[in-house]
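# Structure of the sequence below:
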Amino acid sequence: MKRTDAQNRALHKFLENLAQTLNNAGLDMKCVLKEDVDIPWTKDSAKEFLWRPIQRAMTGKESTTDMESVDPAEVHEVLMRHLGEKFEIPYVDWPSHDFNQ
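Residues are numbered from 1 along each chain as shown. Coordinates of the predicted model:
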């Protein structure tokens, strides 16, 4: 079963919240990925450089549109565990159904 529209909205809200959390912690893309240049996180860069590699490794799926309905929660947990252990950033919850927060 493909992920639902609600899961898609939750994924993008989570990525937006994650990007903001990383930026607020002073962990720009240089700190997390590359050392040459200061690059602030965006929802799209969090998706491409953080979410997608874990998704690919866990599911073999390239596109988030191909994910099964259970995949997003599993990828989210692995990503947050990694970022918490390596960079001690606060846990970014998976969004509730209220996406206006």
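# number of nearby residues for L79?
L79: 21 surrounding residues under other C-beta atoms under 10 Å. Just so you know, the C-beta spots here come from the backbone N, C-alpha and C atoms, and that holds for glycine as well.
# whoops, H12 was the one
If you count neighbours by other C-beta under 10 Å, H12 ends up with 17.
# following the lowest-mean-pLDDT helix or strand in the chain, which helix or strand comes up?
Lowest mean confidence among the helices and strands of the chain (mean pLDDT, DSSP states H and E): helix 29-32, at a mean of 77. For helix 29-32, the succeeding helix or strand toward the C-terminus, using DSSP states H and E, is helix 43-46.
# what residues does stretch 39-47 touch?
11-12, 15-16, 18-20, 22-23, 28-30, 64 (C-beta atoms under 8 Å, 6 or more residues apart in numbering).
# ok, now stretch 63-81?
1-4, 7-8, 10-11, 14, 18, 47, 50-52, 54-55, 58-59, 61, 91-92, 94.
# Any quick PyMOL command for the buried ones out of those?
Command for PyMOL that selects the buried part of the contacts of stretch 63-81, burial taken from 16 or more other C-beta atoms under 10 Å:
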select buried, resi 3+7+10+11+14+18+47+50+51+52+54+55+59+92
